[in-house]
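[1] Pasting a predicted model and its sequence here:
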Amino acid sequence: MNKKYLVRRLLIFPILLTGIISFNPTAHAGFKPRVHRFADEARVFVNAYLVETEKGIVAIDATLTVSDGKALRANLEFLRKPLLAVLLTHGHPDHCNGLAELIGTDGVPVISTVGVDKAMKTYYDAAGEERGRAMLGEEWPKKRIFPSKTLKDGESVIFGGVTFTVHDLGPGESHSDSYWVIEGEEKIAFIGDVVMNRVHAYLADGHSTQWLKNIDRLKTELKDVQRIYPGHGEPGSLEMLDWQKSYLETYREVVKSLASGQPKLTDDAKQKLIAKMEEFLPDKKGELFIAQGADAVAAELAGEQK
Ligand SMILES: [Zn+2]
């Protein structure tokens, strides 16, 4: 791995340690879980999280590239506690590609819902692996790791004295989304790509209608959550759900008007879609996703009109 890159990561990390911790250390004597965010700042602004418990670390998701998987592992080692498990929010490669580098020889469980495990195997079929390698070359991992344990909706696992409960959302941003909640003195949630906070949305799986329903569902279910950790972009509060809803509604409206009932957009229409969404979110974060989702959403809307 590029040494400069690793050094930069390690320098950034202490800042994250102080900047991202959201727990009140004076509330009572016991050890409070701390959340360390690892953000990919170069490609798709995807997050992985290291939840530090008293006895070890639980990772949530595992980065897009081999280099980021290695850097996430270096951050884990910086904390000087063992890795206990990896929990997945969904099966998209930008959340699972770094698993082998993160886990190394630790042999810890990788846990997801039944639906996430199933969807992940479709993203990593032979064609998916080939596409990924064509896109990322050596940054696409050679070794593939799938969940070793699956949970049903509402089931929990305990690591380092902290209870992690998973909630199955079904199709949304991916073919199967889920979110994880830690309940303690403060309640926090890791919601995967239900929110891509101020990053252009990936809509190519074609479930934007269900995605919007999932957002409404979480507006109720996360009402008493103190902090939300999204799959991309900055962590924050419930407000990010409204932002995501408005992004998706705008995208759907623009596609609808450009597609005129057809299940595909012309190249010219895709350029117009990109321009419109860059007006909505001028930040160029994840802008490659805009055109990728166009046909899937056009097909979805055309199907709904029938
Ligand atoms: Zn993602």
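    Happy to help now that I have it. Remember, it's a predicted structure, so these values are computed and weren't measured experimentally. Residues are numbered from 1 along each chain as shown.

[2] what does the stretch 101-250 of the chain have sitting close to the ion?
    193, 231 (C-beta under 5 Å from the ion). (Each C-beta comes from the backbone N, C-alpha and C, glycine too.)

[3] where do the strands sit along the stretch 101-250 of the chain?
    Using DSSP state E, counting those that start in this stretch, the strands of the stretch 101-250 of the chain run over 110-113, 149-151, 156-159, 162-170, 177-183, 187-196, 227-232.

[4] right, so of those, which gets closest to Glu52?
    Proximity to Glu52 (C-beta to C-beta) singles out strand 162-170 among the strands of the stretch 101-250 of the chain, at 9.6 Å.

[5] Pull out the buried positions in that closest one.
    For strand 162-170, burial by neighbour count (16 or more other C-beta atoms under 10 Å) applies to 162, 164-170.

[6] what about Gly303, how many residues close to it?
    Per other C-beta atoms under 10 Å, the neighbour tally for Gly303 reads 11.

[7] Which helix or which strand is home to it?
    Assigned by DSSP states H and E, Gly303 belongs to helix 294-305.

[8] Quick check: mean pLDDT of that helix?
    For helix 294-305, mean pLDDT rounds to 94.

[9] Show residues contacting that helix.
    Residues from elsewhere that reach helix 294-305 (C-beta atoms under 8 Å, 6 or more residues apart in numbering): 203-209, 251-252, 255-256, 258-259, 261-265, 269-270, 273.

[10] mind saving the C-alpha coords of it as PDB?
    Taking Å, rounded to 0.1, in the frame of the first residue of the first chain, the C-alpha atoms of helix 294-305 are listed here in PDB:
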ATOM      1  CA  ALA A 294     -31.600   7.300 -15.200                       C
ATOM      2  CA  ASP A 295     -32.900   4.200 -17.100                       C
ATOM      3  CA  ALA A 296     -33.800   2.300 -14.000                       C
ATOM      4  CA  VAL A 297     -35.900   5.100 -12.700                       C
ATOM      5  CA  ALA A 298     -37.500   5.700 -16.200                       C
ATOM      6  CA  ALA A 299     -38.400   2.000 -16.400                       C
ATOM      7  CA  GLU A 300     -39.800   2.100 -12.800                       C
ATOM      8  CA  LEU A 301     -42.000   5.200 -13.500                       C
ATOM      9  CA  ALA A 302     -43.100   3.800 -16.900                       C
ATOM     10  CA  GLY A 303     -44.200   0.600 -15.100                       C
ATOM     11  CA  GLU A 304     -46.100   2.500 -12.500                       C
ATOM     12  CA  GLN A 305     -48.100   4.500 -15.100                       C
END
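
[11] That one: which residues count as buried?
    Neighbour count says helix 294-305 has 294-302 buried, by 16+ other C-beta under 10 Å.

[12] quick one: low-confidence parts of the chain?
    Across the chain, the ranges flagged by pLDDT under 70 are 1-30, 306.

[13] Centre of the chain to stretch 218-227, how far?
    Relative to its parent chain, stretch 218-227 has a centroid offset of 18 Å by C-alpha atoms, centre = their mean, to the nearest Å.

[14] er, stretch 130-142 I mean
    19 Å.

[15] As CSV, could you dump the C-alpha coordinates of that stretch?
    Written as CSV, here are the backbone C-alpha positions of stretch 130-142 (Å, rounded to 0.1, in the frame of the first residue of the first chain):
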residue,chain,number,x,y,z
GLU,A,130,-16.0,-8.8,-14.1
ARG,A,131,-17.6,-5.3,-14.3
GLY,A,132,-16.0,-4.3,-11.0
ARG,A,133,-12.6,-5.4,-12.0
ALA,A,134,-12.9,-3.6,-15.3
MET,A,135,-13.8,-0.4,-13.4
LEU,A,136,-11.3,-0.6,-10.5
GLY,A,137,-8.6,-2.9,-11.6
GLU,A,138,-6.3,-3.9,-8.7
GLU,A,139,-8.5,-1.9,-6.4
TRP,A,140,-11.2,-4.5,-6.8
PRO,A,141,-10.5,-7.3,-4.3
LYS,A,142,-9.6,-10.8,-5.5
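
[16] Identify each buried residue in that stretch, please.
    132, 136, 139-141.

[17] Many thanks, have a good one.
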